[in-house]
Each structure stands twice: as structure tokens, then as C-alpha cells.
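1. below are the sequence and a predicted model; questions follow.
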Amino acid sequence: MEPVLDTPGLVTIAQTGAPLGPRPQWLRAPAPVGENYRELKDLMGRLRLHTVCESAACPNVGECWNQRTATFMILGNVCTRRCGFCAVSKGAPLAVDYDEPRRVAEAVAAMGLRFAVITSVNRDDRKDGGAELFALTIRAIRERVRGCGVEVLIPDFQGSREALRIVMDAAPDVLNHNTETVPRLYRQVRLGARYERSLDILEAAKQFAPERPTKSGLMLGLGETLDEVLEVMQNLRARRVDILTLGQYLRPSPKHLPIVRYVPPEEFAALRAAGYDMGFPHVEAGPLVRSSYHARDAAEAPQAVLPYGPALSQR
């Protein structure tokens with residue numbers, strides 16, 4: 001079934017109950033090979049840095065690293081939560097490495113980045129959830145690479161506004177926190193997280209710095225319905241979230257949550273149009289879209305509704 005418009009301005013997407021077959025062509029990503037890829041892999045190894053590109057088995061690692069971009073993952077490579085979708089290792093957390101911000105800044109300089117993206121594992125063992133190291137990393141990058149933009153993809157800090165303020169006081173160019181999925185699926189997908197708490201974090205970020213862009217994203221294909229996705233999008237926009245990302249969930253291993261459905265590109269296009277209709281200034285939607293995909297482009301987009309062409313017509 002294909003996307004349709006049944007009333008002006010309202011996108012609906014027909015659901016299919018067809019069983020999953022082989023991974024479709026639109027989910028094929030470039031292989032992680034090439035000179036730039038090898039150079040970045042050596043650089044991360046030499047500086048003892050982690051990236052979500054590798055640790056979370058991102059399908060875009062080949063494309064991004066060959067374009068000399070990467071998403072740095074601070075606070076170690078072991079997460080204190082056991083989310084059902086994530087490939088990052090779980091277990092006892094590592095000691096905080098206070099030299100890590102310097103090494104991240106060194107890598108940013110070596111890569112020639114003008115926009116850096118920083119994320120982390122969850123650190124529920126720490127009172128501030130790791131906020132201090134986010135702030136130190138932002139400042140280290142700014143000191144080493146003048147004019148470099150910084151986006152941070154933060155955990156929920158267990159709802160701590162004090163931890164969020166530590167990050168916001170370091171003035172990241174974009175504050176990203178993913179809602180990941182719809183409320184009904186939180187217990188399976190985001191163990192230890194709460195939907196309303198994630199919304200509260202995004203709302204509080206706008207209260208601390210109304211002019212600073214905020215960002216959030218969802219994975220599709222976990223069993224959510226169209227109405228649930230649209231409701232989450234509306235909730236995010238009601239919290240004045242500026243940038244939205246929508247992508248296909250891909251199962252990292254047989255131990256992780258199964259894929260319920262492959263969402264085709266035309267449905268992502270319809271959801272992208274719906275996002276602009278809701279007033280999001282920028283929407284990235286597609287099977288291989290991830291949180292930091294085209295992050296610099298999104299951050300530099302005008303903070304107004306962008307032209308996106310005609311909505312999908314009824315067929």
C-alpha cells in the first residue's frame with residue numbers, strides 16, 4: 001500500500017501485515033572501506049576514542065567516515081542501561097576519563113571538522129549522568145578548533161535539570177535528545193527511560209536557551225502505528241523541537257528486538273511532509289537516517305519552515 005492524502009494537510013500511511021523478507025535494496029549502505037575510512041579508524045584507535053558509528057553498528061559508517069565525519073561517544077563504551085535496540089555494550093561502567101575531552105578535540109582538529117557531534121552511553125552511576133564531561137568536551141573543542149559547531153546527543157540524565165543546565169551552560173549549538181519510539185513501546189525498547197521525562201528534557205532545554213535549536217528522533221519498524229508516530233511528532237513540536245530525524249530500526253543481532261516492518265522510502269517522504277506541515281524547521285526522514293545524519297546541514301538550515309515540494313498525491 002502507498003501513502004495517500006485523505007484530507008488536505010493530513011498524511012496517512014496504509015499499514016501492511018506482510019511478513020519480512022530479505023533486507024530491501026533501499027537499506028543497502030556503502031561498505032566501510034576507503035582511504036578516509038582507514039585513516040579515521042587509525043585515528044580513533046591511536047587516540048583511544050569511541051564512536052557511536054562503530055559501537056552502535058551504524059549502517060552509515062562507510063559513507064560518513066569517507067566524508068571524514070563521525071559521532072564521538074564519550075564516557076566509555078559500556079552503558080548502564082539495557083535498551084532492546086542498541087548494540088552498545090552493557091554492564092558495569094568504566095571509570096571516567098578526564099583526558100577524553102582533550103583527545104576528542106584533537107581528533108576534531110585532525111579531521112578538519114567544522115561541526116562535531118558528541119554523544120555518550122548512559123551513566124546512571126553518576127549523579128550528573130555524565131553532564132560534566134559533555135561540558136568539558138564542548139569547551140575543549142571550542143578552544144582547539146575556533147568556530148567549530150558542536151551538537152550534543154544527550155541521555156535523559158534521569159530527568160535532572162541540574163545536569164541539563166551544566167550542558168546548556170557550555171552552549172552547544174544543538175541540543176539533541178532522542179525519544180526513540182512511541183510511548184506504548186517504551187518498556188520493550190527503552191528500558192529505564194520514560195517518555196514524559198524525555199519530553200521534559202527537551203522542553204527544559206528550550207526554557208534554558210529559547211534561541212538554541214533542539215532536536216529529537218525516532219526509529220520506525222518496531223511495531224508502532226502511524227497515529228502513534230504522528231502523536232509523538234506533535235508532542236515534540238509542542239515542546240518547540242526544531243529538528244526531527246526519522247529512520248528505520250535495524251536489528252544489531254538476534255539478541256535484540258526484532259524488526260516488525262521495513263518502512264519504504266515513500267512513507268518516510270510522507271512523514272517528512274507531515275513534519276513540515278506541523279511546523280518543524282528541518283526534518284530528515286529516510287530508511288538510513290540516524291540521529292547525527294547530515295547534522296551540520298540540519299543545524300545550518302534556516303530556523304523557519306523550509307520548502308519541501310508538493311505533498312504526495314493520492315493514487
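-> That came through fine.

2. okay, now the unreliable bits of the stretch 151-300 of the chain?
-> 293-294, 296 (pLDDT under 70).

3. helices of that one, residue ranges please.
-> Using DSSP state H, counting those that start in this stretch, the helices of the stretch 151-300 of the chain run over residues 161-169, 186-189, 195-208, 226-238, 265-278, 295-300.

4. so for Q248, which of the ones you listed sits nearest?
-> With Cβ to Cβ as the criterion, Q248 lies closest to helix 265-278 of those, at 8.1 Å. C-beta: built from backbone N, CA, C; applies to glycine.

5. so which bits of that closest one are buried?
-> 267-278 (16 or more other Cβ atoms under 10 Å).

6. do I have it right that R144 meets A109?
-> Yes. Counting by Cβ atoms under 8 Å, R144 does reach A109; the two are 5.3 Å apart.

7. I'd say V182 and D227 touch.
-> No. Assessed by Cβ under 8 Å, V182 is found out of contact with D227, at 9.2 Å.

8. if you count what's nearby, which of these two comes out ahead?
-> Comparing V182 with D227 by other Cβ atoms under 10 Å, the one with more neighbours is V182, at 21 against 11.

9. next up, the contacts around the spatially closest residue to that one that is not a sequence neighbour.
-> The shortest distance from V182 to any non-neighbouring residue, by Cβ to Cβ, 6 or more residues apart in numbering, is to E228 (3.9 Å). Residues in contact with E228 (Cβ atoms under 8 Å, 6 or more residues apart in numbering) are 182-184.

10. repeat that for 10 Å
-> 181-185, 218 (Cβ atoms under 10 Å, 6 or more residues apart in numbering).

11. helix, strand, or coil at the residue lying closest to L47 once chain neighbours are set aside?
-> Spatial nearest neighbour of L47, chain neighbours left out: R103 (4.5 Å); criterion: Cβ to Cβ, 6+ apart. At R103, secondary structure determined by DSSP: H, G, I helix; E, B strand; the rest coil is helix.

12. is it true that R103 touches L136?
-> No. Assessed by Cβ atoms under 10 Å, R103 is found out of contact with L136, at 11.6 Å.

13. quickly list what's touching both of these two.
-> I74.

14. now for T214, how many residues are close by?
-> Neighbour tally, T214, other Cβ under 10 Å: 22.

15. please report how far it lies from Q207.
-> From T214 across to Q207, the span is 11 Å (Cβ to Cβ, to the nearest Å).

16. same question, R82
-> Taking Cβ to Cβ, one finds R82 at 31 Å from Q207.

17. which ones are touching the nearest residue to E203 once chain neighbours are set aside?
-> Distance criterion Cβ to Cβ, 6+ apart; nearest residue to E203, sequence neighbours excluded, is R239 at 4.4 Å. By Cβ under 10 Å, 6+ apart, the residues touching R239 are 198-207, 214, 216.

18. which of those residues lies at the shortest distance from E300?
-> Nearest to E300 out of these is T214 (Cβ to Cβ; 15.4 Å).
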